[in-house]
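**Student:** pasting a predicted model and its sequence here:
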Amino acid sequence: MKKMSMCFPVGATIIVTMILLRQFEVHLPDFVMGLGYGVGIALELIGVYSMNNDTSKWRQFNLNLFGR
């Protein structure tokens, strides 16, 4: 089994935080709530994809794009 990426736990944490904020009636703008859910779901999908597939090409692209 491959090593788990940090994207999945971070995404799950963001989604749980958004759900708890809504449960305890913390009033945030709808844009912020939607952004939190969207980022959380995106990170979870990236984490699941990286567990099942090879992401070495994606990592090499990021290193070339942003320079290290």
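**Tutor:** Received it, and whenever you're ready, just let me know what you need.

**Student:** mind listing residues that contact the longest helix anywhere in the chain?
**Tutor:** Assignment by DSSP state H gives helix 30-52 as the longest helix of the chain. With CB atoms under 8 Å, 6 or more residues apart in numbering as the test, helix 30-52 has contacts from 2, 4-15, 17-18, 21-22, 55. C-betas here are computed from N, CA, C, even on glycine.

**Student:** repeat the analysis, applying 6 Å as the threshold.
**Tutor:** Helix 30-52 is contacted from outside by 2, 5, 7-8, 10-11, 14-15, 18, using CB atoms under 6 Å, 6 or more residues apart in numbering.

**Student:** lowest-pLDDT helix or strand in this protein?
**Tutor:** Here the helix or strand of the chain ranked lowest by mean pLDDT, DSSP states H and E is helix 56-66, holding a mean of 81.

**Student:** just the C-alphas of that one, formatted as PDB.
**Tutor:** In PDB, the C-alpha atoms belonging to helix 56-66 read as follows (Å, rounded to 0.1, in the frame of the first residue of the first chain):
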ATOM      1  CA  SER A  56       5.300  11.600 -10.200                       C
ATOM      2  CA  LYS A  57       4.600  13.500 -13.500                       C
ATOM      3  CA  TRP A  58       2.300  15.900 -11.600                       C
ATOM      4  CA  ARG A  59       5.000  16.500  -9.000                       C
ATOM      5  CA  GLN A  60       7.700  17.000 -11.600                       C
ATOM      6  CA  PHE A  61       5.400  19.600 -13.400                       C
ATOM      7  CA  ASN A  62       4.900  21.500 -10.100                       C
ATOM      8  CA  LEU A  63       8.600  21.600  -9.400                       C
ATOM      9  CA  ASN A  64       9.300  22.900 -12.900                       C
ATOM     10  CA  LEU A  65       6.500  25.400 -12.700                       C
ATOM     11  CA  PHE A  66       7.300  26.900  -9.300                       C
END
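
**Student:** would you mind listing the buried residues in it?
**Tutor:** Neighbour-count burial for helix 56-66, counted by 16 or more other CB atoms under 10 Å, picks out no residue.

**Student:** quick one, that helix and helix 30-52 angle?
**Tutor:** 130 degrees (axes from the mean of the first three to the mean of the last three CA atoms, to 10 degrees).
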